[in-house]
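# show me the folded form of this:
(chains A, B, C and D)
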2 protein chains.
Amino acid sequence: MALSGRTVERLSVYRRLLVMQGQSGEESVYSHQLAEMVSGTAAQVRRDLMEVGVTGHSKRGYRVANLIEGISKVLDDPAGTRIVLVGAGDLGRAALGFIKGRNAALRIVGAFDNDPSKIGRVIHGYRCASIDELERVIAAEQVEVAIITTPAGVAQPVCDRLVAAGVRGIVNFAPTPLQVPEGVWVERVDIATALEKVTCLTRSV
Amino acid sequence: MALSGRTVERLSVYRRLLVMQGQSGEESVYSHQLAEMVSGTAAQVRRDLMEVGVTGHSKRGYRVANLIEGISKVLDDPAGTRIVLVGAGDLGRAALGFIKGRNAALRIVGAFDNDPSKIGRVIHGYRCASIDELERVIAAEQVEVAIITTPAGVAQPVCDRLVAAGVRGIVNFAPTPLQVPEGVWVERVDIATALEKVTCLTRSV
DNA sequence: GGTCTGCTGTGAACGATATCACAGGTATAC
DNA sequence: GTATACCTGTGATATCGTTCACAGCAGACC
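Numbering: from 1, shown residues only, chains lettered A, B, ... in the order given. Prediction:
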């Protein structure tokens, strides 16, 4: 199945909201309720859910448990995804905090830095290792996805090492576009751009 | 002029690359060179530049200085944009580091937290103030844009306060969609979603 | 000067995404 | 049981964004 990027993003958000909400008792949810939570339209929500194959019930909406299960089946690798993070600065720490305990299918198996003062420190429960260990860990743990939270200057060489070692998906927080060969997926998260976008578009509303 | 969000994002990246590159001497640049840097197409680059009104020169490409000026004229508010940041955790610190010194048109005029142990600390040159000061600073400095780097639980109430105080653009790093009234622009930067997107889409390449 | 090369600017075609609108179905009220 | 209200699933349609393809132009070369 070829889910679009946009759909995957929304599914991720739906699931997170449903899991949070899950504790608060509701058994089922209508498309228009989900739509309101994400400031979207009900039709959009129904389309997205259609694509993952979960099916609702007229007059009673969707069963929450069903939704979470169905979305997870599409988003998560049943075998789990092993992830490394490179760059244990503020941003790296923040990213580790975000991931920790949020999704059992995502397993951080290594955090790396080249700064000797950081190596050995434990961040959100993960021990920071020397960047020299990178290739060994990727091979040993069959890591498929990496998070780059290094300064811009070293992002590309780090990326090259990751790809050479077998990584196929990268989340890039560095403010530089990365060059990667065919078959490697890069997701850019660009903080500086996000800010400039807001300052620009706010003025034209 | 009604620039699309996508276009604005790319313009921001072009400018950053050009400014970096600027030091290294090149006077002019071809659309296909910019395209290669961002892994895009030359036609796309030319369209984007067309929209900002800068004009190139057949056979000699675009003058770098011209481009930077033209893009800045579109992206930046000539009066400067005053910005506050709420939530001085890892992510807040990281965001401040990203912004600092990168764009003179973006001025952080306040960083806030509710944790007494953080108040008074200086982060990347910005003093963290009590959240109680929020409304006063926004009014005094005519702040238009805010960055939310708080935990999910307090993002919405913080957002409500920001909007009530007059903020019209928000960059939201919290893993929760925000509800805002008409006329307020929210840009979501969702770390958890980015990761899930990569893990999902990497498998289907 | 004439020809050749190669880059820009842009109308037109295409492709991806989001929305509309309605048929079909099920609980609820009476 | 019948009428009613209201929610889902989805074909059709509209909107938005990207790519194609080529006219027009300017420098380089002979």
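
# most distant residue from the centre of chain A?
Computed with CA atoms, centre = their mean, the maximum C-alpha offset from the centroid of chain A is found at A:K59, amounting to 33.6 Å.

# from DNA strand D, how far off is that residue?
With distances taken as CB to the nearest atom of the strand, to the nearest Å, A:K59 is found 5 Å from DNA strand D. Placement of C-beta: from N, CA and C, glycine included.

# does chain B have contacts with stretch A:140-157?
Yes: shown here: stretch A:140-157 in contact with chain B (CB under 8 Å from any CB of the partner chain) through A:144-145, A:147, A:152.

# so which of those is the closest to DNA strand D?
Nearest to DNA strand D among these is A:A152, at 23.0 Å by CB to the nearest atom of the strand.

# tell me how chain A divides into domains.
Following automatic domain parsing, chain A resolves into domains at A:5-73, A:81-193.

# and the first one, how far out from the chain middle?
Shown here is domain A:5-73, whose average C-alpha point lies 18 Å from the average C-alpha point of the whole chain (CA atoms, centre = their mean, to the nearest Å).

# just to revisit the earlier point, pick the most deeply packed of the domains of chain A.
domain A:81-193 (a mean of 19; mean count of other CB atoms under 10 Å in any protein chain shown).

# among the residues of stretch A:140-157 next to chain B, which are in helices?
If you go by DSSP state H, the residues of stretch A:140-157 next to chain B have A:A152 in helices.

# just to revisit the earlier point, quick one: residues contacting the residue farthest from the centre of chain A.
Applying CB atoms under 8 Å, 6 or more residues apart in numbering or on different chains to A:K59 gives no contacts.

# likewise A:L3?
For A:L3, the contact set (CB under 8 Å, 6+ apart) comprises A:11, A:51-52, A:74, B:200-201, B:204.

# so which of these belong to helices?
Per DSSP H, the contacts of A:L3 map to helices at A:11, A:51-52, A:74, B:200-201.

# the helices in chain A, which residues?
Under DSSP H, chain A gives helices at A:5-22, A:31-37, A:42-52, A:64-75, A:90-99, A:134-141, A:152-165, A:191-203.

# at the geometric centre of chain A, which residue do we find?
What sits nearest the mean C-alpha location of chain A, by CA atoms, centre = their mean, is A:V171, with 7.6 Å.

# low-confidence stretches in chain A?
A:1, A:23 (pLDDT under 70).

# now the angle from the biggest strand by length in chain A to helix A:152-165?
The longest strand of chain A (DSSP state E) is strand A:106-113. Strand A:106-113 and helix A:152-165 are oriented at 130 degrees to each other (axes from the mean of the first three to the mean of the last three CA atoms, to 10 degrees).

# so how far is strand A:106-113 from its chain's centroid?
Distance of strand A:106-113 from its chain centroid, counting by CA atoms, centre = their mean, is 14 Å.

# equivalent analysis for stretch A:153-161, please.
That offset, for stretch A:153-161, works out to 20 Å (CA atoms, centre = their mean).

# ok so, going back, so the longest strand of chain A, near chain B or not?
Yes: counting by CB under 8 Å from any CB, chain B has neighbours in strand A:106-113: A:L106.

# between the helices of chain A, which one is closest to B:E196.
helix A:5-22 (4.5 Å; CB to CB).

# counting by contacts, list what that closest one packs against.
Applying 3 or more CB pairs under 8 Å, 6 or more residues apart in numbering or on different chains; DSSP states H and E, one finds that helix A:5-22 makes contact with helix A:31-37, helix A:42-52, helix A:64-75, helix B:191-203.

# and the second one, what does it pack against?
So the one you mean is helix A:42-52. Short answer (3+ CB pairs under 8 Å, 6+ apart): helix A:42-52 packs on helix A:5-22, helix A:31-37, helix A:64-75.

# change it to 10 Å
Contact here means 3 or more CB pairs under 10 Å, 6 or more residues apart in numbering or on different chains; DSSP states H and E; on that basis helix A:42-52 packs against helix A:5-22, helix A:31-37, strand A:62-63, helix A:64-75.

# of all those, which lies closest to DNA strand D?
The closest of the helices and strands packed on helix A:42-52 to DNA strand D is helix A:31-37. By CB to the nearest atom of the strand, the value is 3.7 Å.

# nearest to DNA strand C, of the residues of stretch A:140-157 next to chain B?
For the residues of stretch A:140-157 next to chain B, the nearest to DNA strand C is A:V145 (20.7 Å; CB to the nearest atom of the strand).

# identify the residues contacting the nearest residue to A:A88 once chain neighbours are set aside.
In space, and not counting its chain neighbours, A:A88 is closest to A:D113: 4.2 Å by CB to CB, 6 or more residues apart in numbering or on different chains. Contacts for A:D113 (CB atoms under 10 Å, 6 or more residues apart in numbering or on different chains) come out as A:85-89, A:92, A:119, A:121, A:123, A:128-131, A:149-150.
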